[in-house]
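Chemist: Okay, here's the prediction I keep looking at, along with the sequence it came from:
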Amino acid sequence: MDPVVVLARPEVAALRRGALRAGLMVLPVAFFGVFFAYPVVAIVGRGLTADDGAWRLGRLGDVLGRPDVLDVLWFTTWQALASTALTLLIALPGAYVFARFDFPGKALLRAVVTVPFVLPTVVVGTAFLALLGRGGLLDELWGVRLDTTVWAILLAHVFFNYAVVVRTVGGLWSQLDPRQEEAARVLGASRFGAWRRVTLPALGPAVAAASLMVFLFTYTSFGIVQILGGPAYRTLEAEVYRQTAQLLDLPTAAVLTLVQFAAVGAILVLHARTVRKRETALRLVDAGSTARRPRGAGQWALLGGVLLSAVLLLLLPLTVLVRRSFDGGLGYYRALQDVSASGGTFLVPPLEAVGNSLEYAAVATGIALLVGGLAAAALARRAGRFVRGFDALLMLPLGVSAVTVGFGFLIALDEPPLDLRSSWILVPLAQALVGVPFVVRTMLPVLRAVDVRLREAAAVLGASPWRVWREVDLPLVGRALAVAAGFAFAVSLGEFGATVFIARPDNPTLPVAVARLLGRPGDLNYGQAMALSTILMVVCAVALLLLERIRADRAGEW
C-alpha cells in the first residue's frame, strides 16, 4: 500500500470531521445571529447613535454617572449577592440530605423541590404576593405585609433557585466516595475536620458553579422584581423595561444592556471554568451506592428540618396561591371565560391565553430541539477555542436582557424578508432562544458519553453521517431528548421578558396575561391572575413530574 495514502487517511478523516462539525453548526449560528445578536445589536446601536448615524459613546459616561442609575446598579448587585448567600445557607443542607440519605418519598420530593425552578417568574411573584401581600396569609394572621420590601424579593429568589443548589451540589455530593471521609476519621480527624479537609475541597467547584448560576438568575431578575418590588426596587432588567416601554429612553436602556451583557459574560466565563474543573479533577462513584437511611437523632433531626424548610419555603407559597384562586368558589375561573370581566384588559377571554401558550410553547420546543440538538451534536465532537466560544454563545440568552431581545425584535425584524412583527412565529422564536440552552445542557453530556467507536464502526460499514446519527446516537440519547423537550417546553411556557413586548392583545400568553391582570386594580382582576397562575403552575408541575419518570441518569446536575 502506498505510504502516502496511509498517511493521508487520518488527514481526510480529520477534514471530514471538521466539515461535519461545521455543517452541524450552520443552523444554530444562523439562528442566534438573526434572532439574538441582530436584535440586540440593533437596539443598542439605536440607543448609542445620533440622528446622523454617528456614535455617541459619551452617553456611556453620562448614563453611568446618574445617581438613579447608580442606585439601580448597586441594588442589582447587592440583592444578587444576598440572594445567593441566602440560597446557599438554606439549600446546602437539602443537598446533603438528597445526596447521603435514603428515605421514603425521596424521588417525589426531589421532583417537588425542582418545580419552583421551572415555574415562570410571574407565577413565583404571584405566589409570594398571595402569601406576603395585601390579604395574604401573613396579613390575615398577623397584619404583616412584606410585598414591596426587599425581603419578599430575597425569599422569592431562594424559592426559585433552591433546586439549582440541591441538584448541582447534591448531584456531585452523591457521587463522592464516602470512604475517603471515613479514612480521614480513622486517622484521627474529627467529623467536621474530615468534612472540611476532604469533602469541602471536592465540592468546591460544584458550590462555585451553583453560586454563579444563582447569582446570574438573580442578577437578571425581572418578573419577581416587577411584581414584588414595587417602584422602590428595580434591577437592571426591570430598569431596562422601564426605560424602553414606559419612558422610551433608548440611550439609557442601551447603556444598561451593555453593562448587563458585560456582567453576564464574566459570570458565564467563570461558570465554564468551574464546570471544566469539576469534570476533570474528581474521581466519582455510582450515586446509588452512597445513600443510606439516617442514623441517630442528629441525622433524623436534619432530615426533619430540611423537610420542614421545604414545606414552608416551597409548598406554602404555592398552596396559598391555589387557595386564593378559589376564594369565592369557582368565580375567578368562570370569569376567565368572559372577555368583559377583565375590564378591557384583553380583546379575548383570558382563558384563551392557556391555548395560546400551549401552542406557542409546542412550536418553540420544536425549534429549540432542532437548533439545540444540532448544536449539542457539534459540541460533542470536542474541538478548540472556537467551539468553546460557541458553547458560551448558546448560554447568553439566559443572562442577556430578555426585555432588550423582545424590544429588539420589534425594531430589527421590521423589513422584508424579516418583517415578522405581525407574525405569530415571533413569540415562539423568542421563547426558543431561552429553550435552546436547556436542550444543549441536557443532551451534551449524554452525547459525549456515546462511545465514538460505535460511530466509527457504522461509518466503516458505509453508513452516512445522517444514518449514523439516526441508528447509533438517537437510540442512545432518546430519553435525554425527551427530557430536553420537557425542559424546553416548560421554560418556553413561562417566558415573559421578551414576550411581554411581542405578544399581541388578541393572542396573549399566560405570563403576559397574569402580569396585565395584576397591573389593573380590583379584586376580580387579582383573583383571575391567581387562577391563571394556578393553571400555569399545574401545567409546569405535571411536565416536570413526567420528566422525573423518564430521566435516564439520576446522577449529575440536571
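Modeler: Okay, I see it. Because the structure is a prediction, the values reported are computed rather than measured. Numbers count the residues shown, from 1 in each chain.

Chemist: number of nearby residues for Ala482?
Modeler: Ala482 is flanked by 15 other residues according to other C-beta atoms under 10 Å. Glycine gets a C-beta too; all of them are placed from N, C-alpha and C.

Chemist: hey, which helix or strand in the chain has the poorest pLDDT?
Modeler: helix 3-32 (a mean of 66; mean pLDDT, DSSP states H and E).

Chemist: Determine how far stretch 424-442 lies from the middle of the whole chain.
Modeler: 11 Å (C-alpha atoms, centre = their mean, to the nearest Å).

Chemist: avg pLDDT for it?
Modeler: On average, the pLDDT along stretch 424-442 is 87.

Chemist: One more: stretch 483-494?
Modeler: Mean predicted confidence for stretch 483-494 is 82.

Chemist: who's in contact with the residue positioned nearest the centre of the chain?
Modeler: In the chain, the residue lying closest to the centroid (C-alpha atoms, centre = their mean) is Leu398, at 6.4 Å. Applying C-beta atoms under 8 Å, 6 or more residues apart in numbering, we find Leu398 in contact with Leu216, Phe217, Thr220, Val434, Pro437.

Chemist: show me the residues around Thr529 that make contact.
Modeler: For the record, residue 529 is Ala, not Thr. Ala529 is in contact with Thr126, Val514, Leu517, Leu518, counting by C-beta under 8 Å, 6+ apart.

Chemist: So the last one versus Ser174, what's the distance?
Modeler: What that stands for is Leu518. 40 Å (C-beta to C-beta, to the nearest Å).

Chemist: Looking at those two, which is more packed in?
Modeler: Each of Leu518 and Ser174 has its neighbours counted (other C-beta under 10 Å); Ser174 has more, 24 against 21.

Chemist: My guess is that one contacts Thr290. True?
Modeler: Yes: assessed by C-beta atoms under 8 Å, Ser174 is found in contact with Thr290 at 5.5 Å.

Chemist: Identify the contacts common to the two.
Modeler: Shared contacts of Ser174 and Thr290 (C-beta under 8 Å, 6+ apart): Ala99, Arg100.

Chemist: quick one: which of the contacts of Ala529 has the most company?
Modeler: Counting neighbours by other C-beta under 10 Å, Thr126 leads the contacts of Ala529 with 34 neighbours.

Chemist: That one contacts Ala515, doesn't it?
Modeler: No: in this structure Thr126 lies outside contact range of Ala515 using C-beta under 8 Å: 9.0 Å.

Chemist: Overlap in contacts, these two.
Modeler: Both Thr126 and Ala515 are in contact with Ile227, where contact means C-beta under 8 Å, 6+ apart.

Chemist: buried sites along the helix or strand Leu203 falls within?
Modeler: In this structure, Leu203 sits in helix 200-219 according to DSSP states H and E. For helix 200-219, a neighbour-count test (16 or more other C-beta atoms under 10 Å) marks 202-203, 205-219 as buried.

Chemist: Count the neighbours of Gly478 for me.
Modeler: Neighbours of Gly478 under the rule other C-beta under 10 Å: 13.

Chemist: Model confidence score at it, please.
Modeler: With respect to pLDDT, Gly478 scores 73.

Chemist: How much space separates it from Phe192?
Modeler: Gly478 is 45 Å from Phe192, by C-beta to C-beta.

Chemist: Work out for me the element Phe261 sits within.
Modeler: helix 250-281.

Chemist: other SSEs contacting the helix or strand just after that helix?
Modeler: Using DSSP H and E, the helix or strand that follows helix 250-281 towards the C-terminus is helix 296-310. Judged by 3 or more C-beta pairs under 8 Å, 6 or more residues apart in numbering; DSSP states H and E, the packing partners of helix 296-310 are helix 67-100, helix 106-118.

Chemist: now do 10 Å
Modeler: Helices and strands touching helix 296-310, by 3 or more C-beta pairs under 10 Å, 6 or more residues apart in numbering; DSSP states H and E, are helix 67-100, helix 106-118, helix 150-173.

Chemist: Measure how the last one sits relative to helix 106-118, angle-wise.
Modeler: Between helix 150-173 and helix 106-118, the angle comes out at 130 degrees (axes from the mean of the first three to the mean of the last three C-alpha atoms, to 10 degrees).

Chemist: In helix 150-173, which residues are buried?
Modeler: Applying 16+ other C-beta under 10 Å to helix 150-173 flags 150, 152-173 as buried.

Chemist: gap between that helix and the chain center?
Modeler: The answer for helix 150-173 is 12 Å, by C-alpha atoms, centre = their mean.

Chemist: next one: the first one
Modeler: The chain centroid and the centroid of helix 67-100 are separated by 16 Å, computed with C-alpha atoms, centre = their mean.

Chemist: Packing partners of it?
Modeler: Counting by 3+ C-beta pairs under 10 Å, 6+ apart, helix 67-100 packs on helix 58-64, helix 106-118, helix 150-173, helix 200-219, helix 223-228, helix 236-241, helix 250-281, helix 296-310.

Chemist: next one: the second one
Modeler: With contacts defined as 3+ C-beta pairs under 10 Å, 6+ apart, the packing partners of helix 106-118 are helix 67-100, helix 121-132, helix 150-173, helix 296-310, helix 316-325, helix 474-494, helix 523-550.
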